[in-house]
Structure formats: structure tokens, C-alpha cells
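J.: here's my sequence, what's the structure:
(4 chains)
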2 protein chains.
Amino acid sequence: MARPSLQAERQQSIMAAFTRCISKLGLEAASLDEIAKEAGMQRSLVRHFAGNREDLVNQVADYVASKFENIWRQQEHSHREDLTNEWLVDVLFSTKPEAVYRTMLPAFYALLSASHRYPTVSVRMTQCFELYVADLSLELQRRHSQASSDDCQQVALGVINIYFAWDSLRGLELNPTLIRNNQQLIKRLLSSLK
Amino acid sequence: MARPSLQAERQQSIMAAFTRCISKLGLEAASLDEIAKEAGMQRSLVRHFAGNREDLVNQVADYVASKFENIWRQQEHSHREDLTNEWLVDVLFSTKPEAVYRTMLPAFYALLSASHRYPTVSVRMTQCFELYVADLSLELQRRHSQASSDDCQQVALGVINIYFAWDSLRGLELNPTLIRNNQQLIKRLLSSLK
DNA sequence: GTATAAGTTGTCACAAATGATAATTAATAA
DNA sequence: TTATTAATTATCATTTGTGACAACTTATAC
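T.: Got it, this is the predicted structure:
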């Protein structure tokens, strides 16, 4: 018997805006004013719907981590039948929407390197990373049944690390050969399981 | 015929302090006041000797990059005769002073992800990264004369990416097995050149 | 239409970061 | 000792980020 709540939608768009700000400006420089401008609302509304700065940071960590997990699972699932060595390169480098590369990943990385200042963020990021490694590890095991589980974990870890590092270098204007070789590297790691 | 200049020493300790602040607080949260406190001087002195914030950021990028290049070259040189597969793991993970891991690397990474906002930083970081890859690539070529130069560049890139990613995950409380497997990974990549 | 709960706007005070500059102190050379 | 140059301290105004709260508006149920 009252006005309907916009809480959920507002929170989502605040998180999306915060994520974009983080990737543009870095975590510490992504102020409430910036977030509000990016989300097209007033700062008071950001505070009203998402709480104070610490709340926002914790929430955005969960937002980014969940987005990541969802995208990963969805892509893993849609490539289950592709048993060539290209599947992983496709999943990691080719079939994601641009927005993931341009905003989600940089934000993920910014949160990662800030996590020692935000315990809650640290827990969520750790959980996300370990889930990622464990999941890819299992998938590798499924595809390379003759390889040991330790080998699979090693390769999974390597692939994920390379993927993250590759992304954080996007800002630099690196020689295109380096970018190409980075993808070859994924295949090289996969072949080492044969 | 005047008071002797402390410019050089002061600049060095300001850079060292800035580096520590960046690794503790992140680039944007490392304020002039924080730097001054860390260096044990007043903010006015920081400004006097190192200029404004933008100057400081550009200088610290060069400081960190140069430190990196020096340490790398020095370690590469002292391991030239070690032709086992352990050499690279030693160089990357074992024989560096703690300070490098705790301050230089996190700062390096923070500068990397901020570089799209600081053109001068971007140039210096790119230069440092490409030098690093090219140098390691050459060293691999020397050790594995039968491998193609493309193979060597791939492995060099992989090793460096894994090394960087490994470091940025130091903040997380990861399962120790993951850490160990990360080092195994380096050896796995090296063996793929055999 | 009226009460109710929620969205929305505006404004205040406080603290922190930066840039700029004047005033003071200290170390050298002649 | 004095002139010179640089270090050092102190203080200013401006801007920006944040938290808090009061006032107003809007959409629903009854």
C-alpha cells in the first residue's frame, strides 16, 4: 500500500556505474560523485540505495565476482562439445562481449590489488579465483583423462594467470606480436597435457 | 659558494616513500601528505623537491621501472652459468629481497593499471615490459638453441605474465598448493622448449 | 481523496588534498 | 663576517569527497 520499491534496479545500475568508474579511474578515484554522474543520478541517491563508501566497495566486489562466475559458467557450458585445443582461447579471448574486457576485467583487477585494504573484498575475490581455478581444472581433467590432477591444476592456474596478466597489459601499446603469442601460449600449455 | 644541494638524495627518498605508499594504499590514495609522512619530511618539501602530483607520478614510474630493469639484469647475470631448469624459478621467486616483492611489484602493478590515465607512465611501462620480454627471450634462446625465436618469445611472455599475476594475487589468502603449482608451472613452460 | 511508504532533491558542515607563496634558517665560499 | 644559495617551516585559499538530514514529490492501496 505504498509506492513500489526501485531498490533492486537502482542498486544494479549503481554497481554497473561503479564498475565502469573503477575501470576508468581506479578504485580510489572513483568517488561517489563520479559514480552518481555515471549512473545519471544524484549522489544522495547513491548513498540512499547503496549505503556509504565501504558498503559500495564490498557490494561491487560481489557484483563483479558474480558477473565473472556467471559468464565463465555460461561460456564453459556452451563450449563443452568443442574438444579441439581452440576451445579455451575462444572462451577466454574471443566470445566475450567487449564490455567485459573494457570494464569488468579492469575492475576485477583493481579490486584484487586493493583487497588487502578491504577484508570482505579479499574473501570474495579469493573465493572467485579459487572457484575459477578449480572449475577450469575439472574441465581440463574431463578433457585430458590421462593427465594427473596436479598437472591439470597447474595448467588451469597458468591459463588464468596469463589471462589476467594479458588483460592488465591492455592499457599499454604493446607490439601486436606479443598479443598473438599470448594466445599461442594458451595452446602450448594445453598441449603440455597431452 | 652556497649551501650544498640535497636534491638528488631527497628525490630518491621521496620516490622510495611514494613506492611504499602506492603498494600500501594504491596510487590514487597515496597522497602528498602520506608520502611526506612516509619519507619523514613535510609536504612542502615533497613539493619543493619533486614537483606537483603529476610530476611525482611520472617520476615514480621511471624509478620503479629502472629499479626493475637493474634487478633483472643483475640477477640474470649472476645466474648465467646455472643451466638447470631451476635458474628461472630462482631468479624470479627465490633470490630477490623481500622489499622487492612487498613494495616494488605491487607499485609496478598499480602503475600498470593506471597507465591509461598517465601517457608518460604508459610509455615507460611499455618500454620496461618489452625490454623484459625481449631480454628473457634472448636468454632463453641462448639456453635452448634448438628452439625457434617465436617459441622463446612465447615462453618468455608466459613466464613474465605468470610472475606478475602471481604477485598481484599475493594479497589473497590462496591455498598454498596454488602457490607451489605456480612455480612448477614455470618449469613446465621451460620444458616445453626442449 | 487521503494515508502511506518510498523516491527525490537540496543543503549543510567537516575533513582532506592540492597548489602557491612568504618567511625563516642553515651551510658554504670568498 | 658576509653574501649567496638552498633547505626548511608556516600558512593561505581553493577544491573535492563524504556523511547527515530536512524538505519535498510521487505512486500505490484503501
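
J.: A:Ala156 touches A:Leu140, doesn't it?
T.: Yes: with contact defined as C-beta atoms under 8 Å, A:Ala156 reaches A:Leu140; the gap is 5.8 Å. Where C-beta positions appear, they are placed from N, C-alpha and C, glycine not excepted.

J.: more neighbours: which of these two?
T.: A:Ala156 (25 against 22; other C-beta atoms under 10 Å in any protein chain shown).

J.: got the contact list for that one?
T.: A:Ala156 makes contact with A:Val133, A:Ala134, A:Leu136, A:Ser137, A:Leu140, according to C-beta atoms under 8 Å, 6 or more residues apart in numbering or on different chains.

J.: output the contacting helices and strands for the helix or strand encompassing the third one.
T.: Secondary-structure element containing A:Leu136, defined by DSSP states H and E: helix A:119-143. Contact partners of helix A:119-143 among helices and strands, from 3 or more C-beta pairs under 8 Å, 6 or more residues apart in numbering or on different chains; DSSP states H and E: helix A:53-78, helix A:105-114, helix A:149-168.

J.: run through who's touching the second one.
T.: Spelled out, it's helix A:105-114. Contacts for helix A:105-114 (C-beta under 8 Å, 6+ apart): A:19-20, A:22-23, A:26-28, A:57, A:60-61, A:64-65, A:68, A:121, A:125, A:164, A:167-168, A:170, B:26, B:106, B:109-110, B:113, B:168-169, B:171-172.

J.: so that helix, near DNA strand D or not?
T.: No: Helix A:105-114 stays clear of DNA strand D (C-beta under 7 Å from any atom of the strand), getting no nearer than 13.0 Å.

J.: hey, C-alpha coordinates of that helix in PDB?
T.: The C-alpha trace of helix A:105-114 is given here as PDB (Å, rounded to 0.1, in the frame of the first residue of the first chain):
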ATOM      1  CA  LEU A 105      38.200  -7.200 -16.000                       C
ATOM      2  CA  PRO A 106      40.000  -3.900 -15.200                       C
ATOM      3  CA  ALA A 107      37.600  -3.500 -12.200                       C
ATOM      4  CA  PHE A 108      38.300  -7.100 -11.200                       C
ATOM      5  CA  TYR A 109      42.000  -6.300 -11.200                       C
ATOM      6  CA  ALA A 110      41.700  -3.000  -9.300                       C
ATOM      7  CA  LEU A 111      39.700  -4.800  -6.600                       C
ATOM      8  CA  LEU A 112      42.200  -7.600  -6.500                       C
ATOM      9  CA  SER A 113      45.100  -5.200  -5.800                       C
ATOM     10  CA  ALA A 114      43.000  -3.200  -3.300                       C
END
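
J.: quick one, that helix and helix A:53-78 angle?
T.: 130 degrees (axes from the mean of the first three to the mean of the last three C-alpha atoms, to 10 degrees).

J.: what's the mean pLDDT across helix A:105-114?
T.: For helix A:105-114, mean pLDDT rounds to 90.

J.: the inter-axis angle of that helix versus helix A:149-168?
T.: Using the same axes, to 10 degrees, helix A:105-114 lies at 110 degrees relative to helix A:149-168.

J.: give me the distance from helix A:105-114 to the chain's centre.
T.: Centroid separation for helix A:105-114 versus its chain: 8 Å, with C-alpha atoms, centre = their mean, to the nearest Å.

J.: how about the residues of chain A near DNA strand D?
T.: A:1-4, A:29, A:31-34, A:43-44, A:47, A:52-54.

J.: those, buried ones only, as a PyMOL selection?
T.: In PyMOL, this line selects whichever of those come out buried by 16 or more other C-beta atoms under 10 Å in any protein chain shown:
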select buried, chain A and resi 29+32+34+47
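
J.: so which of the residues of chain A next to DNA strand D are also by chain B?
T.: Near chain B, taking C-beta under 8 Å from any C-beta of the partner chain as the test, the members of these found are A:Ala29.

J.: what sits up against the one helix or strand in chain A whose mean pLDDT sits lowest?
T.: In chain A, no helix or strand scores lower on mean pLDDT, DSSP states H and E than helix A:98-99, which sits at a mean of 78. Helix A:98-99 has contacts (C-beta under 8 Å, 6+ apart) with no other residue.

J.: how about stretch A:186-194?
T.: Counting by C-beta under 8 Å, 6+ apart, A:85-86, A:88-89, A:92-93, A:140, A:144, A:147, A:151-152, A:155, A:158-159, A:162-163, B:154-155, B:158, B:188-189, B:191-192 sit against stretch A:186-194.
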